[in-house]
Every structure is written in structure tokens, then in C-alpha cells.
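Undergrad: Generate coordinates for the sequence data below:
(one chain, ligands or ions: 1)
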Amino acid sequence: MSSKMELSMKNNPYVLLVLASLNSILLFKLSSSLGLIYLLAVLVAAVIIREGRVNYGSLEECGFPVIEPTLCLGSEPSYHKTVHHLADIERYRKYGPIWGSYVGKLPHVFVADPDLIRQIFVKDFATHFGDRQDYEFGTDLMNEAIEFKKGEEWKTLRSFLSPLFSTSKLKHMSEVIANCAEEFANDMKAECDEKGRVKLHCRDHFATRLIDMFAQTTLGIRMEDSKNPKNKFAQAFRTLMNEEGEYNWIYSLSLTYPILSRFAPLFSEVTGMLDSTFRSVIKQRIESGSSSSKDFLDLLCDLWKRVAAGEYKELGFTETTVLAQCVLFFLGGYETTASSLSHVLYNMAQHPEIQEKMRKELENAVKNSKGGAIDHELISDSNIPFITACINESLRLQPSFYRPERICGKDWSHNGISIKKGTVVMLPAWAANRNPKFYPDEPDKFKPERFLPENKGKIDPFAFTSFGFGPRNCIGMRFAYESMKLFTCNILKQFRVELRPDTVLEYKGGTPIVIGFQPLYLDLVAR
Ligand code: HEM
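TA: Next up, the predicted model:
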């Protein structure tokens, strides 16, 4: 038999099923009970295979290149092992700016072309692409978060939460962020050895401090034992994000057979703790009636009272809906920012000459400022354009939220490209941010000059995708910039960042939504 024919037999489940059925008839002739068991097994297999292949063909009909799907486990049966953001770069180079893949049984289209991104994420947001796909986390404390809400529910929550990031609110929160960043640098200095060095475990150190920073900025409280990476609050969030765990084959299988996700670990202890902590903070604020700053907690209290009064009954909002926004602001904020800051520092350590230039710029800005403090005023883009460019170049090369997405709500076509209802549209940020048309000069290299004010106009805004786009883009983008700038400047002021013999940046496979990496160590050397 030729190898081509072998391949088509192997890939055709119906040929296999016919062969298996013939086999069972033969067995039935030999022994009726054995034949029956065998026939039953064949039928179960047929149902399982049919379920896995239910959407196959829908992407091919639209005409873009498709990663060939397997018998019934989609195009990527080892989804839990693949480092998706790196795979996206390879596929972009192989297929061009649009390709299809069955992730489990769901058809996905990957779109890295700036014009198409603009069309989908902005222009046709309201008519076709307003929502993300369905997610099920096994707990409403996650399911009810704004990120996973749809239609009117999402719209209501978004307009409720958006005022938190107004210019005046951000300025107010910036004071707290600045204190946290300075405290972090001072604490690291106190931990330096006799040679003035301290080992920074990027993710651990940043995650712990940022969780505490979120508690202060959003709820006005500090966590118990807040500087200890093992404090129970930080530990709870990191368990929810599965930071230390690996993904296994059940995760890949559950993409085709969602019922299997019930076997994934449930975090009832952790979610119970977060639920009761946030609940008591909200109740205390409501009871005390004190509200100085109209902060995030005030917004939550307002929402809490409205929900209690039955105002959002038709949307199905409950107390858990309110608590879920709190959990998401922590999760959505600390993980992405900790990861992005880790990469900024890694790039600085890789490029000492760039780091030196950043430091000089900071020193000049401090010299020219009124009080010399590293604060909201001092870190404006116009005061520190080169540091801002370095942060942007890091966000371009290593975006932490690696695949913003929308689900196609009804059949769509534009300029000869069609996407069917129910298809997930993914923006492969690592690939789209390396578009050679807009980053012609070695798109894989760290070159902050690309983002200096005089060069910025050369980049299509839709070729810098790290915060997503349109009405559903990252709500915390300005908060994230503020935190990254304040932490980076405080570190620059007090330390040189250096590579260590054990510094490796190794990404983890399978992590959903935000990139994961193995422990990344750098040295901070006191100046
Ligand atoms: C460097 C840090 C951050 C990065 C790279 C990042 C990136 C993103 C991206 C790519 C999206 C999806 C956008 C889209 O689908 O178009 C997103 C959504 C979101 N982000 Fe961020 N983010 C960061 C920090 C934050 C912070 C600090 C907060 C909260 C204070 C936050 C809250 C959210 C929320 C709530 C959403 C969902 C918005 C919605 O569905 O309406 N993020 N983020």
C-alpha cells in the first residue's frame, strides 16, 4: 500500500469505523458476547470521534491555511505542552498573517494583519465581535468577572468600572504606587550582601509586591505579612493562576471534551478565602460609611448596594458578581504587570549600554524636577521618553497577555475574507508585534529607539497589540504603565541590573491567557 493511501486511511475515521465494525461481525461469529462488547466499544468510539470532529471543515471552507487537525483532538493534541506565543511566531512566518487551527473542537482564526485587526476589534466590534469565547473556571468568583462577561452584562460592568482609571483617579493611585515602588527598592537594598548584591527572583518578588500594591490602591488595606511571597493572600492568587503547576494532558483533552475539565483541580479553599476577605472589606466600608477618595472600593460598595436593591436583577448580578470584579482586578493586574516588569529588567540586564542610557535620562529628569521625587509628574512620557520607549519595546517583544480574542457572533466577511459564526478570532500578539513592515530593522531585537517620539509615527498602532484594541481593550493599561515606570525608575535609581550565571528565560507550555515562565533570576547590584 502506498504511503499516501496509508495516510488517508489513517486520517479517515469512517474507514476505521467500517473496518472495526467488520471486525466485530467476525468476532460475533466466533463468540456472541465478545462480539457485542466489541460492537459497543466501536459505537462509543464513533460518538467520541464524531463529537471531536463536529466543526472540522468549517475553517477550510473559508479558504485560509489551516493546521491539519488530528482524528478528533483538534490541530494541537499536545496543547498543554506547546509554548503558544512562540508557536504563533513560527506559524506567522510559515502561513502569513492569517491562519486557522482547531483548538480542541473549536475553530480558531489567527489574525496578525493590522487592517484586519482594526476591522475586527474596532469597526465591527458592535455588530460581530463584542464578546470573548465561553470560559468555565468551576467557580463563579472567576466566571462572573468582567473579562468573561458578554453583551449587556459586560457593557454595564465596563461602564461602571471605567471611571476608576480617569486621570484624576490615576494621579491619586499613583502616590500609593510610587510609595510601593520605593519601598520595594529600599527593601531589596536592605537585603544586599556585603558586596552590595541581591538575587532577584523576578516573578516571586514582583508578584508579591504587586498584589500588596493592588490591595492598597484598590481596597485601601495592606495584606498581613505583605512582603513575604508565602503570605496566604499572595499564595491564594498564585494558586488560582496555577503559577507553580504544570498543565497536563487532561487540559488538552478537555478542549475537545469540556466535561473533563471537572477533573481539573478545584480551588474551593482558595476562592472561599478570597470571597470572605473581600466580602468583609466591602461590608466594613459600607458600615463605616467612610469614603475619602471614591476609590475602587467605593465603586464596589456602590455596585454592592445596587445589587442588594435588585437594580441589576435582569442581568443576573449577585454579590458574587461584585466580588468577582475584585478578584479579576488583582489577577488581571498583578500577573500581567509582574511578567512585563520581569521582561523589562531582563532586557535591561541583556543590554547594559541601554540600561546606562536609561539611568542617565532618569538622573537628568530628577535633577530638573522640583522636588526630585520619582512621582507621577516625573515619569510623564515627555520627561523620560527613552525609559518609556524601553518599556514599550519590552511590551512589544514580550507581551504578557499573549492572545487577545473575540468570538464571531454572526457570519462575517470583509475584502474577500470570511469568518463563520462561532469561530474564535485570536490576535497572536507575539507574532503581530514582529510585523517586518513596521519593525523592518530586525523585528526580534530589542531596539527601544523604535518608540522614541520622532519614530513613533512609523508604526501602525494596530501593529503594537499588547493591550488589545477597541471598546474591550485592557481597562488597566494606564495603571500598568504607571506601575511599570515607577518600579523601573526606582530600581534604576538604586541598582544596576545584571545577568547571573543561572539566568535563563524559559517559557512554560500550555499556560492559558498570560505567558508563564520558569523562575527568572537576576542580580540587583547596589549603586
Ligand atoms: C502590563 C500589564 C498588562 C497587560 C500587558 C495587559 C493586557 C491586556 C490585554 C491584551 C487584554 C485583552 C484586551 C482585548 O481583548 O482587546 C486585557 C484585558 C483586561 N485587562 Fe489588562 N493588561 C495589563 C494590566 C492590567 C491591569 C493593571 C489591570 C487592572 C488594574 C487590567 C485589567 C484588565 C481587564 C479588567 C481586562 C478585561 C477588559 C474587558 O473585557 O472589558 N490589566 N489586558
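Undergrad: Count residues in the vicinity of the residue of the stretch 101-250 of the chain found nearest the ligand, would you?
TA: The nearest approach of the stretch 101-250 of the chain to the ligand comes at residue 147, 4.1 Å away (CB to the nearest ligand atom). For the C-beta atoms, the positions are set from N, CA and C on the backbone; glycine is no exception. Neighbour count of residue 147, defined by other CB atoms under 10 Å: 18.
Undergrad: My guess is it contacts residue 131. True?
TA: No: using CB atoms under 8 Å, residue 147 is not in contact with residue 131, being 10.8 Å away.
Undergrad: mind listing what's buried in the top helix by length along the chain?
TA: Taking DSSP state H as the criterion, the chain has its longest helix at helix 319-350. Within helix 319-350, the residues that count as buried by 16 or more other CB atoms under 10 Å are 319-349.
Undergrad: Please state the offset of whichever helix or strand comes after that helix from the chain centre?
TA: Downstream of helix 319-350, the first helix or strand assigned by DSSP states H and E is helix 352-368. Relative to the chain's own centre, helix 352-368 is displaced by 31 Å; criterion: CA atoms, centre = their mean, to the nearest Å.
Undergrad: who does helix 352-368 touch, helix- and strand-wise?
TA: Packing partners of helix 352-368 (3 or more CB pairs under 8 Å, 6 or more residues apart in numbering; DSSP states H and E): helix 319-350, helix 385-397, helix 477-494, strand 495-498.
Undergrad: What mean pLDDT does the first one get?
TA: What it means is helix 319-350. In this model, helix 319-350 has an average pLDDT of 93.
Undergrad: Now do that helix against helix 352-368, angle only.
TA: 110 degrees (axes from the mean of the first three to the mean of the last three CA atoms, to 10 degrees).
Undergrad: For this structure, which segments count as strands?
TA: With DSSP state E as the definition, the chain shows strands at residue ranges 98-103, 106-111, 197-201, 405-407, 412-414, 417-419, 424-426, 495-498, 521-526.
Undergrad: returning to that earlier point: if we check the ligand, which of the buried residues of helix 319-350 are in contact?
TA: Among the buried residues of helix 319-350, the residues lying close to the ligand (CB under 6 Å from any ligand atom) are 328-329, 332-333, 336-337, 340.
Undergrad: Tell me how many other residues crowd the residue nearest to residue 208 when sequence neighbours are not counted.
TA: Excluding the flanking residues, the one nearest residue 208 by CB to CB, 6 or more residues apart in numbering is residue 229, at 4.5 Å. Here the number of neighbours of residue 229 (other CB under 10 Å) works out to 16.
Undergrad: again with residue 48
TA: 13.
Undergrad: right, and it touches residue 54 too?
TA: No: if you go by CB under 8 Å, residue 48 and residue 54 don't touch, sitting 11.2 Å apart.
Undergrad: Present the strands of the chain as TSV; the columns should include distance to the ligand and mean pLDDT.
TA: Formatted as TSV, these follow (distance: least, CB to the nearest ligand atom, whole Å; pLDDT from 0 to 100):
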stretch	distance to the ligand	mean pLDDT
strand 98-103	17	97
strand 106-111	12	97
strand 197-201	18	97
strand 405-407	6	98
strand 412-414	17	97
strand 417-419	16	96
strand 424-426	10	98
strand 495-498	18	98
strand 521-526	18	98
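Undergrad: and the ones you listed as TSV, adding distance to residue 181 and mean neighbour count?
TA: Listed next are the strands of the chain as TSV, based on distance: least, CB to CB, whole Å; neighbours: other CB atoms under 10 Å:
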stretch	distance to residue 181	mean neighbour count
strand 98-103	38	22
strand 106-111	36	23
strand 197-201	14	18
strand 405-407	32	21
strand 412-414	44	14
strand 417-419	43	20
strand 424-426	34	22
strand 495-498	13	20
strand 521-526	14	19
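Undergrad: As a check, name the ranges of all helices in the stretch 51-200 of the chain.
TA: Secondary structure of the stretch 51-200 of the chain (DSSP state H, counting those that start in this stretch): helices at 58-62, 84-95, 114-118, 140-143, 151-161, 167-190.
Undergrad: The fourth one: which residues count as buried?
TA: Buried residues in helix 140-143, defined by neighbour count with 16+ other CB under 10 Å: 141-143.
Undergrad: now do the first one
TA: Residues of helix 58-62 classed as buried by neighbour count (16+ other CB under 10 Å): 58-59, 62.
Undergrad: Likewise for the last one?
TA: By neighbour count with 16+ other CB under 10 Å, helix 167-190 contains the buried residues 169-170, 172-174, 176-178, 180-185, 188.
Undergrad: my read: residue 65 touches residue 92, true?
TA: No: contact between residue 65 and residue 92 fails when scored by CB under 8 Å: they sit 11.3 Å apart.
Undergrad: low pLDDT regions in this structure?
TA: 1-14, 24, 27-28, 30, 263-268, 290-294 (pLDDT under 70).
Undergrad: Get me the contact residues on it for the ligand.
TA: 121, 146-147, 158, 328-329, 332-333, 336-337, 340, 399-401, 404, 466-469, 472-476, 479-480.
Undergrad: Between the helices and strands packed on helix 352-368, which one is closest to residue 514.
TA: Among the helices and strands packed on helix 352-368, the nearest to residue 514 by CB to CB is helix 319-350 (5.1 Å).
Undergrad: OK, contacts around the nearest residue to residue 63 once chain neighbours are set aside?
TA: Spatial nearest neighbour of residue 63, chain neighbours left out: residue 418 (7.5 Å); criterion: CB to CB, 6+ apart. Listed by CB atoms under 8 Å, 6 or more residues apart in numbering, the contact partners of residue 418 are 62-63, 411-412.
Undergrad: just those residues now: which is nearest the ligand?
TA: For those, the nearest to the ligand is residue 412 (17.1 Å; CB to the nearest ligand atom).
Undergrad: picking up where we left off before, list the contacts of the residue lying closest to the residue of the stretch 101-250 of the chain closest to the ligand once chain neighbours are set aside.
TA: Nearest residue to residue 147, sequence neighbours excluded (CB to CB, 6+ apart): residue 328, at 5.8 Å. By CB under 8 Å, 6+ apart, the contact set of residue 328 is 142, 145-147.
Undergrad: ok, back up a step: between residue 65 and residue 92, point out the one with more neighbours.
TA: residue 92 (20 against 15).
Undergrad: thinking that one is in contact with residue 428, fair?
TA: Yes: counting by CB under 8 Å, residue 92 does reach residue 428; the two are 6.6 Å apart.
Undergrad: Between these two, which contacts overlap?
TA: With CB under 8 Å, 6+ apart, residue 92 and residue 428 have common neighbours residue 112.
Undergrad: Distance check, the residue nearest to residue 208 against residue 180.
TA: 15 Å (CB to CB, to the nearest Å).
Undergrad: same question, residue 121
TA: 32 Å.
Undergrad: Counting neighbours, which bits of stretch 148-161 end up buried?
TA: Neighbour-count burial for stretch 148-161, with 16+ other CB under 10 Å as criterion, is recorded at 148-149, 153-154, 156-157, 160-161.
Undergrad: ok, back up a step: can I get the helices and strands packed on helix 352-368 in TSV with distance to residue 75?
TA: Converted to TSV, these look like this (distance: least, CB to CB, whole Å):
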stretch	distance to residue 75
helix 319-350	27
helix 385-397	26
helix 477-494	32
strand 495-498	40
